[in-house]
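*Asks:* Here is a sequence together with a model predicted from it:
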Amino acid sequence: MEGQSSDEDEKRRRKEKKERKRDVGRQKEHKESKDGEDLERNNSTKEDEKEEIIIEDTPTTEQVFEADYEEDFEQYDDDFEEDDGEGGDKTEDERESTSTHTNPEIEEIRRAIIAENERINRVPTARNQEVNAEQTKSAKEATPSGSSRGTFFDFVAAKQRQVSHQMANKQKKRITELLRLVDLDFSVTFSLMDLPPVSEYDMYIKNFGRTNTKQAYVQYNDDNLDRDIQTDEVETLEKWTQFPAAGAVVCGGPTSDSDLSLDFLSTTRIDTPRLTNFLRSACQVMSVLIEEDRAEMQPSQIFKSKGTSLSVCDGCFQFNTNLPFLHDREVHSLSLSLVQRQTIISVHGLPRKPSAVRLDSKFILCVWNIWEPSSPQKVLICESEVRCCCFSPGKATLVFAGTVDGSVVLWDLRERSSLHHTMKIGDFEWIFREPTFCTDGILSTVNHSCPVQAIETISIAAADGKHHSLSFSVPHEESSGLSFQLASLDESGLLNLWVVVELPKADIAGSQLDLGLIPGGKVKLIHSSRINMNSSILQMGAHLGVLQTSSLKFLPSDPNHFIMGTDTGLVSHGTRHGLRTSPRLYKPQQNGPRPVQVTCLNFCPFEETLFLVGCSDGSVRLHRTTSEYPVFQWNDSTKGQPVVFMQWSFTRPAVFFILDAESYIYIWDLLDNDMQPVAQELIQSDKVTTIAVLGDPEKPNALSGLVLAKQSGTIEIQYLNKRWTVIQHEELKKLHKILQFAI
């Protein structure tokens with residue numbers, strides 16, 4: 001019975017072991033899957049080289065089950081043997097002997113693992129602590145409450161660490177071997193900045209080389225290197241050229257093939273503005289030098305006056321009017337350029353006797369340079385008698401004239417000579433210039449129907465308050481003289497205003513619209529407005545029949561205002577734009593108008609509010625623009641002879657000159673005597689028809705004198721002495737005091 005009970009107990013025990021083995025197997029599979037997840041988390045934190053093997057002194061249920069599972073697995077064959085107790089005892093003895101035999105190895109492994117764990121636990125990481133906590137928690141959950149048996153080791157983790165350590169040692173060994181073969185090469189070196197020391201010569205040049213020294217450079221021809229290249233040969237052709245061009249063809253040469261034609265020959269404009277200005281200035285300088293050389297080499301041909309100089313002058317010289325086309329032509333008027341004061345124009349009438357030159361029916365105007373008296377610079381011709389003339393307000397490039405038949409003509413002195421008529425007289429060829437534009441081609445409704453008595457230019461610069469102070473060498477663009485208006489006054493009191501226009505391009509065939517423009521001309525006049533001063537004067541109460549006007553002047557300070565002389569002794573004051581003026585008339589000291597013609601008007605260049613009035617009865621008046629009646633009036637200044645010409649001095653504020661009809665020249669100096677002239681000269685041999693005053697207020701030491709035009713046609717210049725040309729100390733202030741006392 002005892003044997004049967006022991007067998008049953010053995011069978012029951014084996015059955016329980018099998019059940020425990022199955023439970024332990026399932027738990028082990030669950031643990032391995034969980035350990036794999038923990039291992040992956042340890043690898044992602046890059047701390048897989050340090051793995052911790054946890055050894056617990058207190059055995060857990062899992063470890064007990066694992067040990068039992070191994071023992072049962074080794075004795076699995078007992079379930080299939082029906083043997084007695086001896087066989088079972090033998091098996092247990094063998095297991096005990098095997099366990100005893102393997103204990104020293106296990107102990108050695110255990111001591112190694114404990115030492116390694118102690119080394120790792122000295123520096124614990126947060127990750128290891130978390131892993132230990134999780135493992136401890138899972139172990140506590142999986143361990144039964146009643147099991148505590150034996151000590152177990154984690155051989156899997158130890159084996160993995162051993163494999164990792166072997167791999168690390170293998171890589172370290174390989175790296176050590178490679179480092180012996182691979183090494184950095186420091187054989188190549190270079191400098192980031194190389195600053196050699198300064199030599200003694202360079203230091204000397206740096207300190208003293210910039211004073212009184214000059215660096216010179218020499219070319220040693222070292223860079224003249226030759227290289228052999230393969231290319232097509234360049235074809236060359238020799239040509240000649242000439243600058244400036246003497247004609248239409250400016251270059252030429254032999255032609256090498258038929259492809260080259262005459263199209264290769266280029267033409268250029270001869271009269272370019274820059275070249276023209278240069279040649280004009282250079283020619284004037286050369287002409288003056290040639291004139292001086294001629295006077296030194298041939299003293300007998302110096303054009304001196306046959307008579308002696310005046311008592312108020314220091315010397316004189318004469319223009320060469322002994323030309324075939326100027327014989328027996330009386331000089332009617334003279335006009336001086338206010339910019340180029342060495343330029344003067346003379347108007348010559350018809351010859352008294354027929355001459356061989358085919359110009360007897362034409363009136364002639366000559367443009368002179370006082371430094372070249374041997375011949376005129378330009379010769380102008382006109383079909384009608386010229387009553388008055390003037391230059392353009394800028395550079396003297398345009399000439400305007402009013403004629404007896406009521407036409408206004410202009411000449412452009414810049415035009416090419418080929419546009420005008422050339423005539424050979426004696427050994428010289430003379431160019432006679434026709435008018436560039438004439439108002440005869442304009443409708444009669446806007447043109448003058450009676451003789452033009454006065455013609456004046458209205459400059460824009462004067463409107464801005466600027467004076468005529470342009471130098472001789474002004475640029476062409478500024479001195480073209482085209483930014484201004486022109487005013488013409490006829491006997492009936494009709495004042496026409498014209499605008500001077502320069503066309504962009506000349507038409508050599510002529511214009512079908514501008515009938516008064518010469519073919520090839522570029523400057524014309526366009527009518528702007530008209531003012532009938534006769535009706536204005538009649539409205540002011542002057543009832544002496546039809547009035548006639550004789551002279552015109554614009555105020556230098558304000559060209560919108562002008563004064564006009566009449567044949568009643570009155571001077572009318574008007575404006576271009578119809579504004580009301582005060583005073584409207586400048587009257588003599590005698591009450592009421594009288595049949596006395598105002599022959600000339602002239603403003604003072606130093607005091608622009610003062611102007612002189614000369615009359616046909618010989619009276620002379622000095623007016624202010626703000627007063628109706630004169631400051632001074634000299635009734636018997638010329639002994640009853642009509643005043644022909646009157647003008648202020650350009651260098652002295654208190655001096656002015658008067659010419660009467662009997663060829664008397666009077667010089668007034670208000671500082672010396674404000675009642676009568678201080679000097680007078682009579683020229684009896686050849687009657688003086690008109691005069692012009694030379695002088696430059698900006699250059700007092702320049703040439704100052706009187707240009708005398710005589711009845712015989714001769715023109716001479718008298719040099720005034722310094723008494724009449726050199727300004728006195730505070731002369732203008734003294735003149736103002738005299739005028740205040742006179743009022």
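*Replies:* Here it is on my side, so go on. Residues are numbered from 1 along each chain as shown.
*Asks:* and for the helix or strand hosting residue 203, what are the contacting residues?
*Replies:* Assigned by DSSP states H and E, residue 203 belongs to helix 200-208. With CB atoms under 8 Å, 6 or more residues apart in numbering as the test, helix 200-208 has contacts from residue 198. (Each C-beta comes from the backbone N, C-alpha and C, glycine too.)
*Asks:* tell me the mean pLDDT over the helix or strand that it is followed by?
*Replies:* Using DSSP H and E, the helix or strand that follows helix 200-208 in sequence is strand 240-241. The pLDDT scores in strand 240-241 average 84.
*Asks:* ditto for stretch 700-720
*Replies:* Average pLDDT, stretch 700-720: 86.
*Asks:* Please pull out the lowest mean pLDDT helix or strand from the protein.
*Replies:* helix 61-74 (a mean of 45; mean pLDDT, DSSP states H and E).
*Asks:* Tell me who's in contact with residue 524.
*Replies:* 436-437, 501, 503, 514, 516-517.
*Asks:* rerun that using 7 Å as the cut-off
*Replies:* With contact taken as CB atoms under 7 Å, 6 or more residues apart in numbering, residue 524 is in contact with 437, 501, 514, 517.
*Asks:* With residue 23 instead?
*Replies:* Applying CB under 7 Å, 6+ apart, no residues qualify as near residue 23.
*Asks:* a helix runs through it, doesn't it?
*Replies:* Yes. Membership of residue 23 in a helix is supported by DSSP: H, G, I helix; E, B strand; the rest coil.
*Asks:* how close does it get to residue 442?
*Replies:* From residue 23 over to residue 442 the distance is 137 Å, taken as CB to CB, to the nearest Å.
*Asks:* Then residue 515?
*Replies:* Distance from residue 515 to residue 442, counting by CB to CB: 8 Å.
*Asks:* How about the secondary structure of residue 458?
*Replies:* strand.
*Asks:* what is it paired to in the beta sheet?
*Replies:* Beta-bridge partners recorded for residue 458 (DSSP bridges): residue 485.
*Asks:* ok, it touching residue 487?
*Replies:* Yes. Residue 458 lies in contact with residue 487 (CB atoms under 7 Å); the separation is 6.0 Å.
*Asks:* Now do the helices in the chain.
*Replies:* 2-44, 61-74, 85-122, 126-142, 155-181, 200-208, 273-297, 460-463, 533-539, 731-742 (DSSP state H).
*Asks:* Where among these is average confidence lowest?
*Replies:* helix 61-74 (a mean of 45).
*Asks:* Count residues in the vicinity of residue 527, would you?
*Replies:* Other residues lying near residue 527 total 16 when counted by other CB atoms under 10 Å.
*Asks:* try residue 400
*Replies:* Here the count is done by other CB under 10 Å, and residue 400 has 23 residues near it.
*Asks:* and it, what does it touch?
*Replies:* Residue 400 makes contact with 389-390, 408, 410, 455, 486, according to CB under 7 Å, 6+ apart.
*Asks:* 10 Å instead, please
*Replies:* 335, 388-392, 408-411, 437, 455-457, 486, 488, 498, 500, 525 (CB atoms under 10 Å, 6 or more residues apart in numbering).
*Asks:* Buried members of these into PyMOL, please.
*Replies:* A single PyMOL command selects the buried members of these (16 or more other CB atoms under 10 Å):
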select buried, resi 335+388+389+390+391+392+408+409+410+411+437+455+456+457+486+488+498+500+525
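*Asks:* thinking again about what came up before, among the contacts of residue 524, which lie within strands?
*Replies:* Of the contacts of residue 524, the ones assigned to strands by DSSP state E are 437, 501.
*Asks:* which among the contacts of residue 524 gets closest to residue 607?
*Replies:* Closest approach between the contacts of residue 524 and residue 607, by CB to CB: residue 501, at 35.0 Å.
*Asks:* how much space between the closest one and residue 296?
*Replies:* Taking CB to CB, one finds residue 501 at 46 Å from residue 296.
*Asks:* So what pairs up with residue 646 in the strands?
*Replies:* With DSSP bridges as the rule, residue 646 is bridged to residue 658.
*Asks:* wait, what's in contact with the closest residue to residue 627 other than its chain neighbours?
*Replies:* Distances taken as CB to CB, 6 or more residues apart in numbering place residue 583 nearest to residue 627, at 7.3 Å, with adjacent residues excluded. Residues in contact with residue 583 (CB under 10 Å, 6+ apart) are 571, 573, 623, 625-629.
*Asks:* quick one on the thing from earlier: so what sits against both of residue 458 and residue 487?
*Replies:* With contacts defined as CB under 10 Å, 6+ apart, the residues shared by residue 458 and residue 487 are 497-498, 554, 559, 562, 576.
*Asks:* Mind checking which of those land in strands?
*Replies:* Among the shared contacts of residue 458 and residue 487, the residues falling in strands (DSSP E) are 497-498, 554, 562.
*Asks:* Please pick the buried ones from the residues you listed.
*Replies:* 498, 554, 562.
*Asks:* Let me see the contact set for the last one.
*Replies:* Residues in contact with residue 562, defined by CB under 10 Å, 6+ apart, are 456, 458, 487, 489, 495, 531, 533, 552-555, 572-576, 581, 601.
*Asks:* okay if I get the ones in strands among the shared contacts of residue 458 and residue 487 as a markdown table plus distance to residue 163 and pLDDT?
*Replies:* Converted to a markdown table, these look like this (distance: CB to CB, whole Å; pLDDT from 0 to 100):
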| residue | distance to residue 163 | pLDDT |
| --- | --- | --- |
| 497 | 119 | 91 |
| 498 | 119 | 92 |
| 554 | 121 | 91 |
| 562 | 124 | 91 |
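*Asks:* what's the closest of these to residue 432?
*Replies:* Of all those, residue 432 sits closest to residue 498, with 25.0 Å by CB to CB.
*Asks:* Relative to residue 335, how far out is that closest one?
*Replies:* Separation of residue 498 from residue 335 (CB to CB) stands at 18 Å.
*Asks:* cool, and residue 388?
*Replies:* 8 Å.
*Asks:* before we move on, what about residue 599?
*Replies:* Counting by CB to CB, the gap from residue 599 to residue 335 is 16 Å.
*Asks:* can you check residue 393 too?
*Replies:* Distance, residue 393 to residue 335, by CB to CB: 13 Å.
*Asks:* buried ones in stretch 341-350?
*Replies:* For stretch 341-350, burial by neighbour count (16+ other CB under 10 Å) applies to 341-349.
*Asks:* what bridges to the nearest residue to residue 589 once chain neighbours are set aside?
*Replies:* Leaving aside its chain neighbours, residue 589 sits nearest to residue 633 (5.0 Å; criterion: CB to CB, 6+ apart). Counting by DSSP bridges, residue 633 is bridged to residue 621.
*Asks:* Hmm, residue 633 is touching residue 618, no?
*Replies:* No. Between residue 633 and residue 618 there is no contact under CB atoms under 10 Å: 11.6 Å.
*Asks:* Contacts only, for the closest residue to residue 430 other than its chain neighbours.
*Replies:* Distances taken as CB to CB, 6+ apart place residue 423 nearest to residue 430, at 5.5 Å, with adjacent residues excluded. By CB under 10 Å, 6+ apart, the contact set of residue 423 is 324-325, 357-359, 379, 429-432.
*Asks:* Please pick the buried ones from those.
*Replies:* By 16+ other CB under 10 Å, those give 325, 357, 359, 379, 430, 432 as buried.
*Asks:* Show me the two of the residues you listed that sit farthest apart.
*Replies:* 357 and 379 (11.4 Å).
*Asks:* quick one: common contacting residues for these two?
*Replies:* Overlap of the contact sets of residue 357 and residue 379 (by CB under 10 Å, 6+ apart) consists of 323, 325-326, 423, 430, 432.
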